[in-house]
Every structure is written in structure tokens, then in C-alpha cells.
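Trainee: quick one: sequence plus predicted model below, questions after.
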Amino acid sequence: QEHGLDFQRLLDASAYKEMFRQDMIRWGEEKRRADPGFFCRAAVEGALQPVWVVSDTRRLSDVEWFQDAYGDVVQTVRVVATEETRKRRNWVFVTGVDDAESECGLDQGVAFDWVITNDGDKVALGKQLEMLVQSLHRNL
């Protein structure tokens, strides 16, 4: 909104998003420096559901914000895929972007409650997700 960008086009993996990716990262870092909870509060604003899925947290400060705000009910989930799988999905490493905190800030410092492997095996993925969902239901 601040910069007049097309929000829907920023949600996909298009060249449009890539044109603005570094600027978006820089803008996000400025917001976080001024207020580490800025994006976390925006994510939960008005949410009333008993279970929320907050996808795509990128930094330890995000995880810590949710854990501080909601305590033991927070379940952290990391989705992983091999580099080979990611390349098959057209991912290409970009220096200065893919090695920035916005992309690898959670590679260390978080003991994830769940690690889901998504390397293209739909059956294996389904089993992992079913275990996660069952656990959430037990804890409601």
C-alpha cells in the first residue's frame, strides 16, 4: 500500500515479485527495527479461530513474539525440502537475497515442534500433516 504495489502479484513467484524483492526485504527490516512485533500483530489482528496457521515467519524474533504472546499453545512447524527438490521447483539461489535473514533467519536457534518434509512424495507428506492435525485436535 505504501508503495502502490500489486499485492496479489507479490504473492506469487513471478518476475514482478522478484523486481521488488530486495526492496521489500529492506522495507520489512526497517519496520522490524522500529517495532519487532509489527508484522506479528498484523497477522493476528481480528483472528478469533481456536487454531491459527501463521505461515512464512522468517525470523527468530517472530517466533519469540508468538511464544511470548501465546505461551505453550504455540506449535512451531518447519517445512523442508532438499536443494535438489527446490531446484526442480525452479528455485535459483540469489546472493544477497537467499542468504539474507529473511530467508535463513530460522535455520538456527529454534527447536521446532514439527519438521515436515516436502520432497514431492504426496503420501509421505499427507501422513506427516495428518499427524500434525491429530495433535492439534488433541490439544484443543
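Mentor: Here it is on my side, so go on. Numbering: from 1, shown residues only.
Trainee: and for the chain, the residue most distant from the center?
Mentor: Arg138 (24.2 Å; CA atoms, centre = their mean).
Trainee: center of the chain - which residue?
Mentor: Short answer for the chain (CA atoms, centre = their mean): Asp56, at 1.2 Å.
Trainee: circling back to that earlier point, now do the residue farthest from the centre of the chain against Glu2, distance only.
Mentor: Distance of Arg138 to Glu2, given as CB to CB, to the nearest Å: 42 Å. Using the backbone N, CA and C atoms, a C-beta is placed for each residue, glycine as well.
Trainee: by contact count, what packs against the lowest-mean-pLDDT helix or strand in the chain?
Mentor: Least confident helix or strand of the chain, by mean pLDDT, DSSP states H and E, is helix 101-104 with a mean of 82. Secondary-structure packing of helix 101-104 (3 or more CB pairs under 8 Å, 6 or more residues apart in numbering; DSSP states H and E): helix 15-34.
Trainee: quick one: average pLDDT of the helix it packs on?
Mentor: Computed over helix 15-34, the mean pLDDT rounds to 86.
Trainee: all helices for this structure, in order.
Mentor: For the chain, the helices defined by DSSP state H occupy 7-10, 15-34, 38-44, 60-70, 83-88, 101-104, 122-138.
Trainee: using PDB, write out every CA atom in the fourth one.
Mentor: Right, helix 60-70. Taking Å, rounded to 0.1, in the frame of the first residue of the first chain, the C-alpha atoms of helix 60-70 are listed here in PDB:
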ATOM      1  CA  LEU A  60      13.700 -15.700  15.400                       C
ATOM      2  CA  SER A  61      12.100 -12.500  16.700                       C
ATOM      3  CA  ASP A  62       8.800 -13.600  15.100                       C
ATOM      4  CA  VAL A  63       8.800 -17.000  16.700                       C
ATOM      5  CA  GLU A  64       9.700 -15.400  20.100                       C
ATOM      6  CA  TRP A  65       6.900 -12.900  19.700                       C
ATOM      7  CA  PHE A  66       4.300 -15.600  19.300                       C
ATOM      8  CA  GLN A  67       5.800 -17.700  22.100                       C
ATOM      9  CA  ASP A  68       5.800 -14.700  24.400                       C
ATOM     10  CA  ALA A  69       2.200 -13.700  23.400                       C
ATOM     11  CA  TYR A  70       0.600 -17.200  23.500                       C
END
